[in-house]
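In: next one to model:
(one chain, ligands or ions: 1)
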Amino acid sequence: MIFASDLDRTLIYSEKFLESFLGQVKAAETGQYHSYMTETAAELLKYIAGKLLFVPCTTRTIEQYRRVDFFQTILKPEYAITSNGANLIRGGVVDTGYRDMLNRLLSHQCAAGHDILKEFDRLAGDEWAQPMRKADEVFYYCIIEREKIPTKELAAFCNWAREQYWEVSIQGRKLYLVPQLINKRTALTRVTEMTGKHNVIAAGDSLLDLPLLQGADYAFIPAHGELYEQLEYIPDNWLLTESSGLPAGEEILQAVIKVVKSQK
Ligand SMILES: [Mg+2]
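Out: From the prediction side, this is the model:
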């Protein structure tokens, strides 16, 4: 069995989330940026990683993923999916065969990035969106002021982008533009083929996690964030946490352990 989980705001949380949490925490990422788990969550994740194949699935770039010390020095997962599924790392090495396959398919299946950016520029004003940056040569993101977003215009852009096979996602202060082909589920399918492990427990908090969650046998969603706010229908095999913020990460891991124990 595989536990495929998003990281930020699902398992690890930025400093901002500490304000509403008084318990013991473990720093998962130290250095220039910090992120945390509850101390119990860190122990639970170690236990889970010993029982099944834990695959971090993050929208972070490879470089940003490698900043999370917890996954470099303590857990060291054999497989990690970064860049929202554009890169698969195995044993610390990027799977170039997988990336080449994506690059070949990309130009056939999704509109070109410069066309999406051109359309986005028509509605993006300096007062709410900083300049777009390209991440790992494949998708884009920018820092935004959420309160100043022109909601109606952005909703129309999201619909247009979907018709071009691109996804728009807002997570905290970041807005992402990602080709639909680049997703965590495509990368995880590669992992299931390589390992022969096909049962998947997944967790995530954003619209970019949706393909991963939809392809899983069990899915866990924290009671905060983009996905929670937009969910209209919850399938039977999905579970929303009761807690939000940092404790939701711990609750998800407790739920994963419950599933693992029920399988025996
Ligand atoms: Mg997330």
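In: outline the domain layout of this protein.
Out: The chain breaks down into these domains under automatic domain parsing: 2-101+182-262, 111-179.
In: could you dump stretch 248-257 to PDB, C-alpha only?
Out: This file holds the C-alpha atoms of stretch 248-257, laid out as PDB (Å, rounded to 0.1, in the frame of the first residue of the first chain):
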ATOM      1  CA  ALA A 248      -5.500  18.400  10.900                       C
ATOM      2  CA  GLY A 249      -2.100  17.000   9.800                       C
ATOM      3  CA  GLU A 250      -2.000  14.800  12.900                       C
ATOM      4  CA  GLU A 251      -5.600  13.800  12.400                       C
ATOM      5  CA  ILE A 252      -5.000  12.700   8.800                       C
ATOM      6  CA  LEU A 253      -2.100  10.500  10.000                       C
ATOM      7  CA  GLN A 254      -4.200   8.900  12.700                       C
ATOM      8  CA  ALA A 255      -6.800   8.100  10.000                       C
ATOM      9  CA  VAL A 256      -4.100   6.600   7.800                       C
ATOM     10  CA  ILE A 257      -3.000   4.300  10.600                       C
END
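In: please identify the deepest-packed of the domains of the chain.
Out: Among the domains of the chain, domain 2-101+182-262 has the highest mean neighbour count (mean count of other CB atoms under 10 Å), at a mean of 19. The way it works is simple: take the backbone N, C-alpha and C, and place the C-beta from them, glycine included.
In: around the ion, pick out the residues from this structure.
Out: Along the chain, the residues adjacent to the ion under the rule CB under 5 Å from the ion are 6, 8-10, 205-206.
In: looking at the residues you listed, which one is closest to residue 18?
Out: residue 9 (13.4 Å; CB to CB).
In: wait, what's in contact with that closest one?
Out: By CB atoms under 8 Å, 6 or more residues apart in numbering, residue 9 lies in contact with 171-172, 205-206, 222, 224-225.
In: repeat that with 7 Å
Out: 171, 205, 222, 225 (CB atoms under 7 Å, 6 or more residues apart in numbering).
In: which two among these are spaced furthest apart?
Out: Across those, no pair lies farther apart than 171 and 222, at 12.3 Å, counting by CB to CB.
In: now, the residues of the chain next to the ion that are in helices?
Out: Among the residues of the chain next to the ion, no member falls in helices (DSSP state H).
In: re earlier: lowest-confidence one in the contacts of residue 9?
Out: Across these, the bottom pLDDT score, 87, is held by residue 171.
In: pLDDT at the closest residue to that one other than its chain neighbours, what is it?
Out: Nearest residue to residue 171 in three dimensions, chain neighbours excluded: residue 206, at 5.1 Å (CB to CB, 6 or more residues apart in numbering). We have a pLDDT of 94 for residue 206.
In: mind checking the backbone torsions on residue 206?
Out: Reported as degrees, to the nearest 10, the phi and psi values for residue 206 are phi -120, psi 170.
In: now it: how far from residue 224?
Out: Distance from residue 206 to residue 224, counting by CB to CB, to the nearest Å: 11 Å.
In: likewise residue 67?
Out: 23 Å.
In: then residue 159?
Out: Applying CB to CB to residue 159 and residue 224 gives a distance of 25 Å.
In: strands along the stretch 151-264 of the chain, start to end?
Out: For the stretch 151-264 of the chain, the strands defined by DSSP state E, counting those that start in this stretch cover 166-171, 174-179, 200-203, 218-221, 238-240.
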